[in-house]
Every structure is written in C-alpha cells, then in structure tokens.
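Colleague: with the sequence up front, the predicted model follows.
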Amino acid sequence: MDTETISALRQRLLYEGLCEVGFSRIDDTVPPDLARYHYAVTLMYRLSDAVLDEIENAPTYAYFQHYRAANALLDKCALITCEFLRREGAAAYPIAASQSVHDRGDKYTGIYQHKSAAVAAGLGWIGKSALFISPEHGSRVRLATVLTDAELPCDAIPMASRCGDCTLCVKACPSGAILGINYIRGMERGEIFDAEKCSRHMKQAFGHIGRGAVCGLCVKACPFGKQKSSEG
C-alpha cells in the first residue's frame, strides 16, 4: 500500500480522536487461525488525565464510563479502518478493544493481543504490570487492532522495557497480581502478572463499580505519561 494511502488512513483516524496509529508485521505473534493476516494496524486512544487523576484507592464511576466510551471509540475506528482497507482491495479483521474469549485455554485473554502489535509497531513496550506502555502516554491508553493482508510499512524497531527498577505499579496493585518482573520478549504473561488474581480482586472489591470490570490503580501509578497530567 503506497505512502499517500497510508497517510490518508492515519490522518482520518487521528481526526476521529486517536492519539497514535501504528503499523507492524505480526507473523510471529498471530494465532494459527488468523495466519492469513501478516500485518496489523494499531489504534491508540489516550485516556483522560482528569478522570485518571481522580482515582485514589478504587476506580470511580467516571473511570468505568470513560473506559467503556474509549473502547467504543476504538471499535468504531477499527470499523473505519476495515472499510478503508476493503476499498483498497484488502482483507481486514477487527480485534475488539476489550473482549475476552473463553475457549483458548486462558479466559483472561482475547483473540489477539493488542500490545503484541503495538510493540511490533515501535510504539512502546510491555511493562511490569503487563500493560502496554507508551513513552509519551504511559499506560494511560487503550488499544484496538485491525489485522490485514495489505502490505503495510513496518520498519519500526520494537522498544525494550524502560521500567528499570521502578515498582510503582507493583506497590499500587491491591491484589498483588503484579510480580515486579521486567518483561523480556518471549515471556508468557503469567511470568510477570497473575490475571486471575487481578480479576478476582476487582470483582470482590469493586463489584459495585462497573461489575468489577475495571480498577485503574496501576494505570494511574505509572510515571510515564504523567508529564501531561495535572500532577505535572
């Protein structure tokens, strides 16, 4: 796909409200049933600092609503991307911003991991919290992905973790799910983060807010991205 077409797609998505769009080749991360797709478009939305900064020891009702609204916007942008690619003669497969599947051995994972494509696109790294971290926006982002057979520009170099000795997300996690280990490419999520423990705590402690589907404490704690927040 030519540079002018890619630029037009990117500009349309930024106009819709995204903060970044990335492109990557994903042959080594895509599951076998989606192997026909060799490329991915990463869609990134930056969450509101005003909403995140309001979180103290628990998620707020505003955060739950904002989280859902961000996912809806990302899903809309995924549909826009699919239609754009279809008109260019390419096949495109949208991966929902937030959707868990229960028939692939891990009920806390999705059809495809957004952060795998985002890292391959050179947009950031996977933090100790198992969240995707952007050097500019930190973990204050939501992601969606569109897989495609269209050849996309993908010369970015994946970033290594910049978390270093920081343990702010570990200390902020009320469930103890974050193990404090720097992610290295090829690691399984369970080596750095206990998804079941996180989910169980959210349901038990925050079930009255969004049915225990959100927390946000580790997101707020990450020092990356705070340069744009009200905290300075």
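Modeller: Yes, it's here.

Colleague: what number of residues lie near residue 31?
Modeller: For residue 31, the number of neighbouring residues by other C-beta atoms under 10 Å comes to 10. Where C-beta positions appear, they are placed from N, C-alpha and C, glycine not excepted.

Colleague: quick check: it touching residue 113?
Modeller: No: contact status for residue 31 versus residue 113: not in contact, 9.6 Å apart, counting by C-beta atoms under 8 Å.

Colleague: what segments of the protein are strands?
Modeller: For the chain, strands defined by DSSP state E occupy the ranges 20-25, 39-46, 92-95, 125-126, 132-133, 141-148.

Colleague: spatially central residue in this protein, please.
Modeller: When C-alpha atoms, centre = their mean is applied to the chain, the residue found nearest the centroid is residue 143 (3.7 Å).

Colleague: contacting residues for the residue lying closest to residue 192 once chain neighbours are set aside?
Modeller: Nearest in space to residue 192, with sequence neighbours left out and distances taken as C-beta to C-beta, 6 or more residues apart in numbering, is residue 181 at 4.6 Å. For residue 181, the contact set (C-beta atoms under 8 Å, 6 or more residues apart in numbering) comprises 128, 191, 192.

Colleague: identify the residues contacting stretch 98-117?
Modeller: The set of residues external to stretch 98-117 that reach it, using C-beta under 8 Å, 6+ apart, is 22, 24, 26, 29-31, 34, 40-42, 67, 71, 95-97, 126, 131-132, 142-145, 147, 189, 195-196, 199.

Colleague: if we use 7 Å, what do you get?
Modeller: Outside stretch 98-117, the residues within contact range by C-beta atoms under 7 Å, 6 or more residues apart in numbering are 24, 26, 29-31, 34, 40, 42, 71, 95, 126, 132, 143-145, 147, 195-196, 199.

Colleague: in that stretch, what counts as buried?
Modeller: 98, 110, 111, 112, 113, 114, 115, 116, 117 (16 or more other C-beta atoms under 10 Å).

Colleague: what's the separation between residue 125 and residue 138?
Modeller: 11 Å (C-beta to C-beta, to the nearest Å).

Colleague: closest to residue 212 out of the buried residues of stretch 98-117?
Modeller: residue 98 (14.0 Å; C-beta to C-beta).

Colleague: gap between that closest one and residue 2?
Modeller: Using C-beta to C-beta, one gets 33 Å for the distance from residue 98 to residue 2.

Colleague: next one: residue 26
Modeller: Using C-beta to C-beta, which is the criterion applied here, residue 26 is 21 Å from residue 2.

Colleague: pass me the low-pLDDT residue ranges in this structure, would you?
Modeller: Low-confidence segments of the chain, defined by pLDDT under 70: 102-106, 227-232.

Colleague: okay, the residue of the chain most remote from its centre and residue 101: tell me how far apart.
Modeller: With distances taken as C-alpha atoms, centre = their mean, the residue sitting farthest from the centre of the chain turns out to be residue 89, at 27.4 Å. According to C-beta to C-beta, residue 89 stands 29 Å off from residue 101.

Colleague: just want to know which of residue 125 and residue 138 has more residues nearby.
Modeller: Neighbour count, other C-beta under 10 Å: between residue 125 and residue 138, residue 138 has more, with 26 against 22.

Colleague: in the chain, which helix is the longest?
Modeller: Looking across the chain with DSSP state H, the single longest helix is helix 61-87.

Colleague: so for that one, what gets flagged as buried?
Modeller: With the criterion 16+ other C-beta under 10 Å, helix 61-87 contains buried residues 63-64, 66-67, 70-71, 73-75, 77-78, 80-82, 84-85.
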